[in-house]
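> structure for the following, please:
(3 chains)
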Amino acid sequence: MTPASPLLSWVTFAPLAVALVLTAAESAARLLGKRLPAELWRGAALAAALLTFLLSLGLWYGFDPAKSGYQFVEYKPWLAQYGIHWFVGIDGISLLLLLLTTFLMPVVLLASWNDTERSPRSWVFFMLALETGMLGTFAALNVFQFYLFWELMLIPMYFIIGVWGGARRVYAAVKFFLFTMFGSLLMLVAILVLYVLHHQQFGIWTFDLVSGPGSVVQGLLETKVPTSGIWWQTQTWLFAAFFLAFGVKVPLFPFHTWLPDAHVEAPTAGSVILAGVLLKMGTYGFVRFALPLFPVAAVEFTPLVFGLALAGILYGALVAMVQKDVKKLVAYSSVAHLGFVMLGMFALNPIGLEGSILQMVNHGISTGALFILVGMLYERRHTREIAAFGGIAKPMPVFAALFGITVMSSVGLPLLNGFVGEFLILLGAFEQAPGVTVAASSGVVLAAVYLLWMYRRVFFGPVENPENRGLIDLGLREKAVLVAMIVPMFWIGIYPETFLRRLHPPVLDLLHVMEAKAGTLTGPAAERAHAQLASALESGAAQ
Amino acid sequence: MVEKAVALSALLFVLGALGALTRRNLIVMLMSIELMLNAVNLALVAFSRQWGDLSGHIFVLMVIVVAAAEVAVGLGIVISLFRNRESVNVEDVSLLKW
Amino acid sequence: MVEATAYPLLRWIVLLPLLAAAVHGVSLAVLRRPLGRAATIALSVGAPALSFFIAFLALLKLVALPAEQRVLGDLLFTWIGAGSFSADAAFLFDPLSAVMTLVVTGVGTLIHVYSVGYMDDDHREDRGFERFFCYLNLFLFSMLVLVLGDNLVLMFLGWEGVGLCSYLLIGFWFSDRWNAYCGSKAFIVNRVGDFGFLLGIFLLFWSLAEMDAATVNFRELAEALPRIAEQSVTLPGWLGFLPGAPTWKLTTLIGLCFFLGAVGKSAQIPLYIWLPDAMAGPTPVSALIHAATMVTAGVYMVCRLEFLYALAPGASAVIAWTGALTALFAATIAIAQTDIKKVLAYSTVSQLGYMFLAAGCAGYEAAIFHLVTHAFFKALLFLGSGAVILAMHHEQDIDKMGGLRAQIPWTHRWFLIGVLAIAGFPWMSGFFSKDEILLTAYLAHEIPGHQALYGIALATAGITAFYMFRLHFRTFLGESRVPVEQRSHLHEPVQWILAPLAVLGVLSIFGGFLGPAAALNPVPGVDPAHSNSLANFLGSVLHGAHHEVSFATERWLAVSSVAVAGAGVLLAAWLYLWNPGLPARIRASLGGLHRWVANKYYVDEAYDAALVRPLVSLSENVLYRGIDVGLIDGAANGSARFVRAFASDVLRHFQSGLTQAYLFLMVLGTLAIASYLVAG
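Coordinates of the predicted model:
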């Protein structure tokens, strides 16, 4: 682990720090009887987001892609007697997701510049707080700290949806909050059980996932979680608790119904962040915690996950096909896309895992861009009904072209990012479950069906509705935002090595850890898991 | 000897509790609560004599003071209630219901 | 495996059209300033022409190498690498891809030239001139990646790319809802085929991975494939009705998966339905994409994977039969069509069937030969029909044409050459290639029922001649049925249009001499071993089956095919030239049968009723309203409602506001604790 450079903490707290500074400045101004202009808040937020992005680029360049293990590790005792520390570090997986977050934030702030006329200062504050929450979750290596930031993210999101959202915003916000909280509470119980088990086995109280730098104290990852015995201590139930928490967030069918409501009612910025980053929290949680902590249970759960993922892929696509609201259609497409991610992840081989993680990033960009585009439509016509549009490509050709590229990225056309992820996922999953993969591949056809149907209804055909005739095409700000989103689509599609390279070591590490842990346990399930993981590692040796 | 005192104390306590639970007049309720407190006092004195420990007596003095304060405040509330509602019936002051 | 000679110019064949498309894209979408007509023409015609030139140079380089070493390569970078999987962005130029590249860039350049004239004629306010060439160049890029890619995944990139460009170009005039629908239909039906392609890749990769030879690179595959030649798969129980079940050869399964992709891309039964509707696009698009290049990608793919199909006789049989049946089926539909482009579309489906018939019978060289000649004459026919359509002011119904020979003589002449070529007039290009195919079918002993295949192919040749000449007679000869107002507008098209027609016409006449069979060679004194030069050239890559056959048999076969075609021509002449009233009477008497054929056997309607509508209905009613809204949301909202009801109906009564009730509860609680302490 590289010596402590506090860059990671700076990246994490920069947004919140700026938000607090702004709040202080505003309070001071109010005491003097004045108010800071909203433009100042917005501009400062954008600057903060850009600054965070630049700092994270520093993380990117300082990151050594060939090394395994965590880099930019920082370790500060916090409540040391309970084993709670400020323990952060990144590997390839968290690096990619971190960058996705810091990249999306300035884009989102720029895209929704004119969106919030009401209480813009609060909105800016919540967005910046949300960014810190997200970054903290990705960087955390102490399980308690992870849980803290995980829950912390819910509050700004609740307000963003509930205050600045659409007609049914309160219902959507409460639903989002309750669904997520329900799963998270079970996860908390599981974390505490693990905490106690660890103490029983090693005599120390710690929430650290792995050993801190220069320390011999074993992290939670070393805990031997039995496969049989007292039921609430076994791998199966602990994994199930984590599974519920992360599964709601992903969202895995059938826990997905909070997603359409939350996405539709949230303001554009909220939807983009929700789809772009928050959904990845669930999948990231699986990869970082659930899989390595409970490998045997993970293997045991694989058929169930495959089934649910397949259901999500097909169900999401079919339900998307019959939606009349374009934002809801995109929301259901998220369910389908994340189904693919889970499919690749539980293939538990290098190809599937790398495809899965890359697809997390891809989905963030593609679906994020789709929400931004839909938001631009809404800004002009204040409706999201597909039937209200038609023939828009005539008055808005540039918009149509950029929307078309984004749709193709979502469909998974080669040369764009979606294909690389989907291909690797299906290829990896095929090794484990050919039948499921064959069925999931039909999702490829279905994606084309509903996305092209939507595109045709909105952009092609004659301009029947007179309100559509006078639509203004994209302005400079909007074009900048979209180009910023489209460049990565091409980059990942044409030269994914940049990103895949940084995924090789952490994915192999993950599989090694899982295999080793499965090897230390006894019982038929453990042996099955060990065999499967060992063979995945063998056949997955890079050429 | 102490058994008889404790028995009397229990009897008084139960009478007081019954009164607090069943009587509708607020002043009578307050008197019943006073009765409960005094029953406790009696028990305390009895045990103090039994074990030869003065703490019982001292505590009784405390209870008497607290009871007096409580009656003062309680009667103040009852008078305020009566001035506003023209009633000292406990069933008429059920505003804190859902 | 022979080392490929590095040839860095190869990448420019692919990249030049891409750059042209990118320049157009940037100028249209970002700068919002069109390049202007001259610059567009220079860029968009120059790029494919330059690609053709470089391809030609590469060909010269290739031919200079000895036959076993004829492979040029160009590696750009590693495209996708994860675990044991790796796919490079690298190009492969061997005889097969050389032929394809030259056809694509050559015919492509000619069609780009033609498009200048064609799109100029458009009288809409936004002619989309530049946008058209942007898409056309993007298409060329994708097609070239397809034929030059050195591995399956890169080929798939090109495969999907041509599907995208097909979508964009079919729905080019998107203000018309029908065009947009046809574009979507093409893309989606293609995607069904792509699903098969992907499955083939997965199966192939993992089967080879078990043998420690996991790869998707073509040349490595050719070497590694024999390792799984004897493996078999057990089909799941519910597939027990398939022939040969439950145990199939692994190679057969893989071959069928890939063939599904070919069926989609090359419009064979049952996925041909997109091609006739694709005629909604501008005619140059139909010529380039739906005649000469994109639809032939399936044939190319089967030939590229010949090392696989050589080990999968079951799959090859399926390919041969599918091709033959499609050829016949499409030909019968073409008889009753009245839209000039629809006739040609069904003709394309039919001719593609011929190519697959040859490929299935292991006559890969014959398939490619026909691919080349078909590119020539079908492009010629489509471009010619485009000239007719322009002259007729975008009227495409042949019932409203007739006697056009007088007004557009040169168009007529070149069109006639195309018709003669496709009918198989002796010593024109179609004659040689079609006879190769018939010969292959005749000799293919390994395919069950190959004599029937030959019979079907022969009969289709006759039907082809019939409907092509029917088209020709109705359009150009006989009485003029053109509405009076339009007659004065009929004129010969501009040189931009006529010149490509001429070039393609010459190629249609003499193109057959690329690979004439020795037996049919009319030029005496030529060494037979060198006379079939195309087959020889391809022989180092395509190892088709070679059967011994006497020259006499070959000549007899040729004679019979010419005779059958001739019969078709005579029938067409009799019906449409000498007895013009007869067809109408026959149509009236056949009534229902004619309607059924003219409406393409109602296949589209059948698909709609059996697949599309039920699926949409299922999604709307069962999945969305039933499960999502009703079940899951219902459960979530229901649990919230339950909590609320519990609180308001049950828990509320604990908060009665009655002091004595509270007191009572306190006493109870205290008693409980006290008894617990005393007892416990």
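
> ok, now which ones touch residue C:310?
Contacts here follow C-beta atoms under 8 Å, 6 or more residues apart in numbering or on different chains; on that basis residue C:310 touches C:362, C:543. For the C-beta atoms, the positions are set from N, CA and C on the backbone; glycine is no exception.

> return the backbone torsion pair for it.
phi -60, psi -30 (degrees, to the nearest 10).

> now residue C:180
The phi/psi pair for residue C:180 (degrees, to the nearest 10) reads phi -60, psi -40.

> burial count for the spatially closest residue to it that is not a sequence neighbour?
The shortest distance from residue C:180 to any non-neighbouring residue, by C-beta to C-beta, 6 or more residues apart in numbering or on different chains, is to residue A:460 (3.5 Å). As a burial measure, residue A:460 scores 25 neighbours (other C-beta atoms under 10 Å in any protein chain shown).

> kindly report the same for residue C:602.
Other residues near residue C:602 number 12, with proximity taken as other C-beta under 10 Å.

> quick one: contacts for it?
Taking C-beta under 8 Å, 6+ apart as the test, what residue C:602 contacts is residue C:596.

> mind listing what's buried along stretch A:29-36?
Applying a neighbour-count criterion of 16 or more other C-beta atoms under 10 Å in any protein chain shown, one finds residue A:36 buried in stretch A:29-36.

> and residue C:337, that's in a helix?
No - using DSSP: H, G, I helix; E, B strand; the rest coil, the assignment for residue C:337 is coil, not a helix.

> can you name the helix or strand that residue 132 falls in?
Because you didn't say which chain, this covers chain A. Residue A:132 belongs to helix A:120-139 when elements are defined using DSSP states H and E.

> wait, chain C
helix C:129-148.

> quick one: average pLDDT of that helix?
Mean pLDDT, taken over the full extent of helix C:129-148, equals 93.

> just stretch C:152-169 next, same as before
Stretch C:152-169 shows an average pLDDT of 94 in the prediction.

> that stretch and chain A in contact?
Yes - residues of stretch C:152-169 contacting chain A under C-beta under 8 Å from any C-beta of the partner chain: C:153, C:156-157, C:160-161, C:164, C:167.

> and the residues you listed, which of them are in helices?
Filtering the residues of stretch C:152-169 next to chain A for membership in helices, criterion DSSP state H, returns C:153, C:156-157, C:160-161, C:164, C:167.

> dump those into a markdown table; add neighbour count and distance to residue C:487 as well.
What follows is these, written out as a markdown table (neighbours: other C-beta atoms under 10 Å in any protein chain shown; distance: C-beta to C-beta, whole Å):
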| residue | neighbour count | distance to residue C:487 |
| --- | --- | --- |
| C:153 | 25 | 55 |
| C:156 | 25 | 50 |
| C:157 | 23 | 49 |
| C:160 | 26 | 46 |
| C:161 | 22 | 43 |
| C:164 | 22 | 41 |
| C:167 | 27 | 37 |
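
> flag the shaky bits of chain B, pLDDT-wise.
Within chain B, the stretches falling below the threshold (pLDDT under 70) are B:98.

> remind me, longest helix of it?
Scanning chain B for the helix with the most residues, using DSSP H, yields helix B:55-85.

> I'd like to know how far residue C:474 sits from chain A.
Residue C:474 sits 33 Å away from chain A, taking C-beta to the nearest C-beta, to the nearest Å as the criterion.

> kindly report the same for residue C:170.
Using C-beta to the nearest C-beta, residue C:170 is found at 11 Å from chain A.

> about what we covered before: most widely separated two among the residues of stretch C:152-169 next to chain A?
C:153 and C:167 (21.1 Å; C-beta to C-beta).

> list the buried ones in stretch A:532-543?
Under the neighbour-count criterion of 16+ other C-beta under 10 Å, stretch A:532-543 has A:532-534, A:536-537, A:539-540 buried.

> contacts for it next, please.
Counting by C-beta under 8 Å, 6+ apart, stretch A:532-543 makes contact with A:295, A:299, A:348-351, A:431, A:504, A:508, A:511-512, A:514-515, A:518, C:81, C:83-84, C:86, C:209, C:214, all of which sit outside it.

> packing partners of the longest helix of chain B?
Of the remaining helices and strands, those touching helix B:55-85 by 3 or more C-beta pairs under 8 Å, 6 or more residues apart in numbering or on different chains; DSSP states H and E are helix B:26-51.

> look up the pLDDT of the closest residue to chain B within the stretch 51-200 of chain A for me, please.
Scanning the stretch 51-200 of chain A for the residue nearest chain B gives residue A:174, at 21.5 Å (criterion: C-beta to the nearest C-beta). Taken from the predicted model, the pLDDT recorded for residue A:174 is 89.

> buried set for the host helix or strand of it?
Residue A:174 belongs to helix A:169-202 when assigned by DSSP H and E. Neighbour-count burial for helix A:169-202 flags A:169, A:171-177, A:179-180, A:183-184, A:186-188, A:190-191, A:193-195, A:197-198, A:202 (criterion: 16+ other C-beta under 10 Å).

> can you list the domains in chain C?
Following the assignment in automatic domain parsing, chain C carries domains at C:1-150, C:182-592, C:599-649, C:653-680.

> would you reformat those domains as TSV and include distance to residue A:134?
TSV is the format used below for those (distance: least, C-beta to C-beta, whole Å):
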stretch	distance to residue A:134
domain C:1-150	26
domain C:182-592	34
domain C:599-649	25
domain C:653-680	41
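
> and those: which comes nearest residue B:36?
Checking the domains of chain C against residue B:36 by C-beta to C-beta gives domain C:653-680 as the closest, at 10.5 Å.

> before we move on, back to that, out of the ones in helices among the residues of stretch C:152-169 next to chain A, the closest to residue C:276 would be?
Looking across those and measuring by C-beta to C-beta, the closest to residue C:276 is residue C:167, at 16.0 Å.

> contact partners for the residue of the stretch 51-200 of chain A closest to chain B?
Listed by C-beta under 8 Å, 6+ apart, the contact partners of residue A:174 are A:158, A:162.

> measure it to residue C:418 for me?
When C-beta to C-beta, to the nearest Å is the yardstick, residue A:174 and residue C:418 sit 69 Å from each other.

> ditto for residue A:538
Distance check for residue A:538 against residue C:418: by C-beta to C-beta, it reads 58 Å.
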